[in-house]
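[1] Turn this into a model:
(one chain, ligands or ions: 1)
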Amino acid sequence: MSQFLKCDAPNCDHHEDVPEITAEMVGKECPKCGASLLTETDWNMYSTVMKPAMDMMEALGISRPFVEGDPEHLKLRVHGHNGNLTMGFPHNPEKEE
Ligand SMILES: [Zn+2]
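    Numbers count the residues shown, from 1 in each chain. You can find the predicted model right below:
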């Protein structure tokens, strides 16, 4: 499971990968524009909706815990902001049929 913080400011596409989103990251500033990368609202959403969802996906074997340098690691991206939960699977060329 790859997690990341994304800047939601208009005209700013900054995002950064993190091994684990924690409460300490609330209020972390975007290095590009200074906006908050993780608001209190985002954190509440993450801890009450996203984290349980990701734990469930791990339990089902859809996703695995983040491991540094794991080539088989499934890069499912999960992002929550303003009550919206977004998930995406980036294209995996090794899985083409
Ligand atoms: Zn920004």
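
[2] and residue 5, what is it in contact with?
    Applying CB atoms under 8 Å, 6 or more residues apart in numbering to residue 5 gives the contacts 15-16, 18, 21, 25, 28, 37-38. Where C-beta positions appear, they are placed from N, C-alpha and C, glycine not excepted.

[3] nope, residue 33 is what I meant
    7, 9, 12, 14.

[4] among the residues you listed, which ones are buried?
    residue 7 (16 or more other CB atoms under 10 Å).

[5] Could you tell me the end-to-end distance of stretch 33-53?
    30 Å (CA to CA, to the nearest Å).

[6] Excluding sequence neighbours, find me the nearest residue to residue 6.
    residue 15 (4.1 Å; CB to CB, 6 or more residues apart in numbering).

[7] dump the residue contacts of that neighbour.
    Per CB under 8 Å, 6+ apart, neighbours of residue 15: 4-7.
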